[in-house]
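>>> kindly generate the corresponding structure for this input.
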Amino acid sequence: MLFRATVFCEEPIFCLSALLGAAFNAWFACLSGDFSAAIALRFAVGVCLAGVYPIGMKLIISWAPDRAGAALALLVGMLTLGSALPHGLRIMAAQWPWQYVMAGSSVLAGIAAVMVIYLGNGPHLPMRRPGGPNPGNPLHAFRDPQFRAIAVGYFGHMWELYAFWTILPMLVARSPLPSLFETQGISALAFAIIGVGAIGCVFGGVLTRWVDSARVALSALAISGVCCFLLPFAADALSRGCLLVFFLIWGAAVVADSPQFSALAAKTCPLPLVGGALAIQNSIGFALTVASITLVSTLLGDLGMKTSWVLLPGPVLGIIGFLSLRRSSR
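Coordinates of the predicted model:
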């Protein structure tokens, strides 16, 4: 009876994806010497994450659809802290083998799966029973010009975000900042700069009480774009303390727009389609990160701090595309 009641709910999908991802992740740690198996297992973990992140967004919206911006800000803030955590673990346990860190993350993923199953769906999530009406094709969300405008802004954000997080330790290493710390300076700075994004997300969510999500998202995207442009000059002109503040501002802004774009997208399509529509939007966004990460990683050795200019088209085109498409739809 329990299975029949939940088979069309989202939390079993989240739970299964999290548990499979945890298993593949732990398996990867055990087979670290086999490169081919490691690549296959990392791919499998990525596939499983597709059942965690967009489903998680739909679940959290189902608890507070009228406060989607603030609710998703908490979710993305937690994701940001999770992204910073490996740098934090390196500070606390510098001598640990990396396999221990991987195994620990698998345990945490398993705990998360159990917690979500226990919590269940929110009260505002429509339930579809066997034989009920089909909620529709989530691709149809892209027929809405408002949704397309939001998606373009989100894609510009994604071009920058993960590429920035990837090369951040290398950018910090090329700056005078590591000398601020006696040991593990690069890890400490990377943890702080990425982790402060959680505060940026929460602050942006709080702002949505008075300012609409679109303005919060565009403001954060504009600030991170300005940081992309200014980094080569700031690295040479600013003192260590001011440069640290510069990086912290960038770290807070670079991810603060993500939950607001997702909240805007969720509001433009019917609730039953939210999970599928956000999954497609996220998939395209993460595909873009493959290109941007590859590009900046390749050019970093030659361009140094000017590599940040490779990230700049994301915020610029995201803002221009969002505003032009939204204006043309009115």
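>>> which parts of the helix or strand hosting residue 294 are buried?
Assigned by DSSP states H and E, residue 294 belongs to helix 274-303. Neighbour-count burial for helix 274-303, with 16 or more other CB atoms under 10 Å as criterion, is recorded at 274-282, 285, 288-289, 292-293, 296, 300. Every C-beta, even on glycine, is put in place using the N, C-alpha and C of the backbone.
>>> list just the nearest of those to residue 235.
Using CB to CB, residue 300 is the member of these that lies nearest residue 235, at 13.5 Å.
>>> in this structure, what residue spans correspond to helices?
Secondary structure of the chain (DSSP state H): helices at 2-6, 11-30, 35-49, 53-61, 68-92, 98-119, 145-173, 185-207, 213-237, 240-267, 274-303, 308-311, 313-328.
>>> next one: the second one to chain centre, how far?
By that I understand helix 11-30. 19 Å (CA atoms, centre = their mean, to the nearest Å).
>>> now tell me what touches that helix from outside.
6, 37-38, 41-42, 44-45, 48-52, 55-56, 59, 98-99, 102-103, 105-107, 109-110, 112-114, 116-117, 119-121 (CB atoms under 8 Å, 6 or more residues apart in numbering).
>>> about what we covered before: name the helices or strands packed onto the helix holding residue 294?
helix 53-61, helix 145-173, helix 240-267, helix 308-311 (3 or more CB pairs under 8 Å, 6 or more residues apart in numbering; DSSP states H and E).
>>> need those in CSV with mean pLDDT, distance to residue 320 and mean neighbour count, can you?
Below are the helices and strands packed on helix 274-303 laid out as CSV (pLDDT from 0 to 100; distance: least, CB to CB, whole Å; neighbours: other CB atoms under 10 Å):
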stretch, mean pLDDT, distance to residue 320, mean neighbour count
helix 53-61, 74, 26, 23
helix 145-173, 92, 9, 22
helix 240-267, 91, 15, 24
helix 308-311, 96, 16, 21
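>>> could those helices go into a markdown table alongside distance to residue 24?
Below are those laid out as a markdown table (distance: least, CB to CB, whole Å):
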| stretch | distance to residue 24 |
| --- | --- |
| helix 53-61 | 16 |
| helix 145-173 | 20 |
| helix 240-267 | 25 |
| helix 308-311 | 30 |
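>>> relative to residue 201, which of those is closest?
helix 240-267 (5.4 Å).
>>> and that closest one, how far from the chain's centre?
On CA atoms, centre = their mean, the centre of helix 240-267 falls 11 Å from that of its chain.
>>> quick check: residue 313 touching residue 163?
No. Taking contacts as CB atoms under 8 Å, residue 313 lies outside contact range of residue 163: 11.2 Å.
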